[in-house]
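**Q** Sharing a sequence plus its predicted fold:
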Amino acid sequence: MTKFFIYLLFVFAVAVTACNTDEKNKISTVENLKNHIEILASDSLGGREAGTENEIKARDYIVTQMKAMGLKPYFGDSFFKSFDFKDGADYSKSTLIVNGKSFDVGTDFYPLNKSRSGEVEGSIVDAGYGIMSSKPSHNDYPNHNILDGKIFLMEMSVPGGAGNWESYAEVADLDKRIELASKFGAKAVILINSDSTFDDPRKMISNNPGRTAIPVIVAKKSLAAFLKDNPGAEVSMNVSVKKIDKTGYNVAGVIDNGASASIIIGAHYDHLGMGGETSRYHGPPAVHNGADDNASGVAAVLELARRLKDKKLNYNVLVMNFSGEEKGLLGSSALIRQNEIDKDSILCMLNFDMVGRMDSALDLTVFGTGTALEWDSVLGLVKYDTLNIKPAPSGIGGSDQMSFYLDSIPVLFFFTGFHNDYHTPSDDADRINYQGIEMVVDYAASIIENLNDFDGLTYHKAKARTSHKGNYRKGPTLGIVPDYGGTGEGLTVQAVLDDRPAAKAGLQKGDVIIKIGDTEIKDIYDYMDALKKCSKGKSYEVVILRKGEKLNKKVEL
């Protein structure tokens, strides 16, 4: 079946789903949810990665559903608005010369996307696997004192082959090996693969943000053989990794009840495409359909909107779907940054992210219960004893509610929990608990209807917690929420967490960090690079811009 034919089937499915709203309203909640998720999580949408054509297909499907329900467009006469971001890398200007022979980028080698750019010259030294380990015992650096200034040739696999990966798990991560090589004086690293069972190295490098400390390229088969046949070869390389400008889209419609205040119900609709750095899958590239993460949330929001469309509510309902969540809350942050939200008119924001895998205990975690003084009273009015509600007070955490919470808007975030399919290609529609999503929709609808009894909600700054989607970075932190969609003119602070180093040093929301220690900060990558150089318990000078004024702050990490 051709891709074009698959897309025609998708378009036809959208049209059929959208037609005859009255008939659709007769379909059960579970059937509606299943229809949405089977389309959004189909292979023909290719994982809905932000900034791709597949994101646009998902966007158009959601717009069609909003129109079919009779929602009004939120962005003037449009249901969507774009935002720009940087993602992926263009390395086409990279060059490599070995013993006077030129090799072609893309054909013979490619830089890692997270490689540091730079020009390097030096001789090759074979660094084996670049591993130092006590259990199992292995040391590729017995004479590391003679390696300074060399370009390290490093195998991507581990001693004994890929089957031993778990044995070397503590030291095998390529990020760690590259960092170790730089400490032993490597100017650059050239990765090669002599193990036919070993996968693409881009799947074996950690999720840590930031760039590698030194330039890193991957040699393909013919170049790897040439390098092995020419020990001590002289190398001149220019690694140029330039982030690519891309465009994402937020989608929003309005249930207009003629009120002065509104609530937001929202979910992100993007996912990982073919994988990427945050995938937990170590096989060859494969479509990550993201049925639970987060076609389930989109389906819940659409079904909740359908239910609320004809309810007598004392406020309007803004129905929002965000892109770029998987890349750092880019869409919801852009919505705030673009001043598309009048926060004074927003009662609260309800976010749905991964609500499709409710377990047999019927657990539903509701984050943000401490973000409004009235939430306990509102939730206490809900008569829904079927679910095992697990309240959590914080509004901080790895999903889009955080963008609104940081703008002083009360939030709730509904989440049915992690599972082994999270961020893998097996997160498919056939594994969704559709009755479970229906329960979430029922519960959220009850909360929204009970808000009719309240004139407003009082924002409350709740205690921070760890992100539900994991914290992949270890080591010293400032204790801030950074703006991942920065402009390249420094790193903007979205929030300062209580009792953390930044707060104690007097940093504030809106400050722009331009230097940490000796490292100039232009974006999130420089920021992460700077923290890698820092040590817990030590103090560093942090230079910030606050309303155009340059200030120096002493921060103890």
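**A** Sure, I can see it.
**Q** Could you use CA atoms for every contact and neighbour count after this?
**A** OK.
**Q** In space, what's closest to the spatially most central residue of the chain - neighbours in sequence excluded?
**A** Note on the chain: the residue nearest the mean C-alpha position is Glu326, at 2.6 Å, using CA atoms, centre = their mean. Counting by CA to CA, 6 or more residues apart in numbering, His271 is the residue found nearest to Glu326 once chain neighbours are left out, at 6.2 Å.
**Q** Against Gly324, how distant is that neighbour?
**A** For His271, the distance to Gly324 equals 8 Å [CA to CA, to the nearest Å].
**Q** got it, and Phe414?
**A** From Phe414 across to Gly324, the span is 19 Å (CA to CA).
**Q** ok, now Ala259?
**A** Relative to Gly324, and taking CA to CA, Ala259 is found at 30 Å.
**Q** So which of the two has more stuff around it?
**A** Gly324 (30 against 12; other CA atoms under 10 Å).
**Q** Quick check: the residue nearest to the centre of the chain is in a strand.
**A** No: if the criterion is DSSP: H, G, I helix; E, B strand; the rest coil, then Glu326 is helix and not within a strand.
**Q** check contacts around it.
**A** By CA atoms under 8 Å, 6 or more residues apart in numbering, Glu326 lies in contact with Asp270, His271, Leu272.
**Q** Share the number of residues neighbouring the last one, please.
**A** As a burial measure, the neighbour count of Leu272 was computed by other CA under 10 Å and equals 26.
**Q** cool, the one 4 residues further on as well?
**A** Neighbours of Gly276 under the rule other CA under 10 Å: 17.
**Q** Would you mind measuring from it to Asn143?
**A** Using CA to CA, Gly276 is found at 36 Å from Asn143.
**Q** Could you pull out the strands in the stretch 151-300 of the chain for me?
**A** 151-155, 188-192, 216-219, 234-239, 242-255, 262-268 (DSSP state E, counting those that start in this stretch).
**Q** List of residues touching the last one?
**A** When contacts are taken as CA under 8 Å, 6+ apart, the neighbours of strand 262-268 outside the stretch itself are 294, 297-298, 301, 315-325, 345-353, 400.
**Q** Could you tell me which of the residues you listed are located in helices?
**A** Gly297, Val298, Val301 (DSSP state H).
**Q** Was I right to think the first one contacts Phe322?
**A** No: because the distance of 10.9 Å does not satisfy CA atoms under 8 Å, Gly297 is recorded as not touching Phe322.
**Q** shared neighbours of these two, anything?
**A** With CA under 8 Å, 6+ apart, Gly297 and Phe322 have common neighbours Gly266, Ala267, His268, Tyr269.
**Q** of all those, which comes closest to Ile192?
**A** Tyr269 (37.0 Å; CA to CA).
**Q** still on that earlier bit, looking at the strands of the stretch 151-300 of the chain, which is nearest to Tyr443?
**A** strand 262-268 (13.3 Å).
**Q** Just the CA coordinates for that closest one, please, in PDB.
**A** Output in PDB follows, covering the C-alpha atoms of strand 262-268 (Å, rounded to 0.1, in the frame of the first residue of the first chain):
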ATOM      1  CA  SER A 262     -13.200  30.800  30.800                       C
ATOM      2  CA  ILE A 263     -11.800  27.400  31.700                       C
ATOM      3  CA  ILE A 264      -9.200  25.600  29.500                       C
ATOM      4  CA  ILE A 265      -9.300  21.900  28.800                       C
ATOM      5  CA  GLY A 266      -6.200  20.800  27.000                       C
ATOM      6  CA  ALA A 267      -3.800  18.100  25.900                       C
ATOM      7  CA  HIS A 268      -0.700  17.800  23.700                       C
END
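**Q** as a whole number, average confidence for it?
**A** For strand 262-268, mean pLDDT is 98.
**Q** Ile524 contacts Glu489, doesn't it?
**A** No: the pair Ile524 / Glu489 is not scored as a contact, 10.6 Å apart, by CA under 8 Å.
**Q** which one of the two has more residues nearby?
**A** More crowded of Ile524 and Glu489, by other CA under 10 Å: Ile524, with 21 against 12.
**Q** CA atoms only: put stretch 346-361 into CSV for me.
**A** Written as CSV, here are the backbone C-alpha positions of stretch 346-361 (Å, rounded to 0.1, in the frame of the first residue of the first chain):
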residue,chain,number,x,y,z
ILE,A,346,-9.0,32.2,33.0
LEU,A,347,-10.5,30.4,35.9
CYS,A,348,-8.3,27.3,35.6
MET,A,349,-6.6,24.9,33.2
LEU,A,350,-7.3,21.1,33.1
ASN,A,351,-4.7,19.0,31.4
PHE,A,352,-5.0,15.4,30.2
ASP,A,353,-1.7,13.6,29.4
MET,A,354,-1.5,9.8,29.4
VAL,A,355,-5.0,8.9,30.6
GLY,A,356,-5.4,5.7,28.5
ARG,A,357,-3.9,2.9,30.6
MET,A,358,-5.9,2.9,33.8
ASP,A,359,-5.1,-0.2,35.9
SER,A,360,-7.3,-2.7,37.6
ALA,A,361,-7.1,-0.6,40.8
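**Q** Many thanks, have a good one.
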